[in-house]
Every structure is written in C-alpha cells, then in structure tokens.
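1. here's a sequence, model it:
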Amino acid sequence: MSFKSELNDFLSDFKKLIVLGVGNELKCDDGVGPFIINRLIDENIEKDNLLFINAETVPENFTGKIRKENPSHVIIVDACLMGETPGEIKIVDKDDFANIGISTHSMSLSYFVKYLEKDNDFKVIFVGIEPRTMEWGEKPTSDVEKTACEFVEILKGIIL
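-> Have a look, this model is predicted:
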C-alpha cells in the first residue's frame, strides 16, 4: 500500500486533526517536522478541525493542549532512522518505535504516544522521514525538503 493510501485510510473518518511536528530546526534533516508545520501554517489553512503544532524537541510540553483540543486523529511527523534512502517517508507503527532510531528529543516518542493515548480515544500515527544528515544546519537537505513538500501536498489533498 502506498504512503498516500495509508494516510488516506487513517484520515478517512477524522473529525479533528492535530499535526505535531517534532525535531531540532538547527540540525538539518532533524528539523523536518517543524519545517512541515511551518509550511502548513504558511499555506493559511485555517479550519476549526485542524491544528498544526511545532513541538520542536519537546513534544511532551504539548500533551495538555492536545488533550484539551480533543482531536479524533493525531499525526506526529519527525526524522526517523529507518535504514531507507534519504527522503523516504513511511508511516511507522507505534509498536515498532523501539526498533528504529527516532530522535534527539528529551522524551521517548513511544512513551509520549502511550501517555497521549492513556484515557483518550483518538488515533495516533507516526510519519517518519529518513534523514540524510543530522549535522548542524538551518534547513533540511534537498531530498528531505522535497519529501516534506510532497507530504504537505498529500495531506492537503486529503483534508481539504
């Protein structure tokens, strides 16, 4: 199944969606999550059932806001070491978090997702994009930026 089909299936019954971008914007491809959120915000997509959050490296700081918003669906986007070609995008099963290299963040995303799901009904998926480099730099590499822009277009095509 293609990424677009998987995402479309996940969002088929969404009532309220939160897209949470995670990553360090000062470390090239690690900043792909915030890059995507900034791109979505720049698109001026303002609807009551959509919320875009740039969580940077501290997604745990947004658990209260996410719960208060009471979404039906949450998409977490981050750079993810999956052993793929740089720029490859995948929906990563939350049960596989332990087997892949996610992030430079203070709280493990697997614990973050478990905490979010505790006592809540919303659906959560993790969208991982394979980085080329996590070295210091102000923007994603061209492969990762291209994929990030494609993701934004796919997402817009599904939710708008």
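2. next, the buried residues of stretch 141-154.
-> 141, 143-145, 147-148, 151-152, 154 (16 or more other Cβ atoms under 10 Å). In this view, the C-beta of every residue, glycine as well, is placed from N, C-alpha and C.
3. quick one, what contacts the spatially most central residue of the chain?
-> The residue lying closest to the centre of the chain (Cα atoms, centre = their mean) is Val77, at 1.3 Å. When contacts are counted by Cβ atoms under 8 Å, 6 or more residues apart in numbering, Val77 touches 19-22, 32-33, 36-37, 126-127, 129, 151.
4. redo these as a markdown table? Include distance to Glu56, pLDDT and secondary structure.
-> Formatted as a markdown table, the contacts of Val77 follow (distance: Cβ to Cβ, whole Å; pLDDT from 0 to 100; DSSP: H, G, I helix; E, B strand; the rest coil):
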| residue | distance to Glu56 | pLDDT | secondary structure |
| --- | --- | --- | --- |
| Val19 | 14 | 97 | strand |
| Leu20 | 10 | 96 | strand |
| Gly21 | 8 | 96 | strand |
| Val22 | 7 | 93 | strand |
| Val32 | 12 | 97 | helix |
| Gly33 | 8 | 96 | helix |
| Ile36 | 13 | 98 | helix |
| Ile37 | 9 | 97 | helix |
| Phe126 | 17 | 90 | strand |
| Val127 | 17 | 94 | strand |
| Ile129 | 16 | 95 | strand |
| Phe151 | 18 | 98 | helix |
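5. nothing else from me, thank you.
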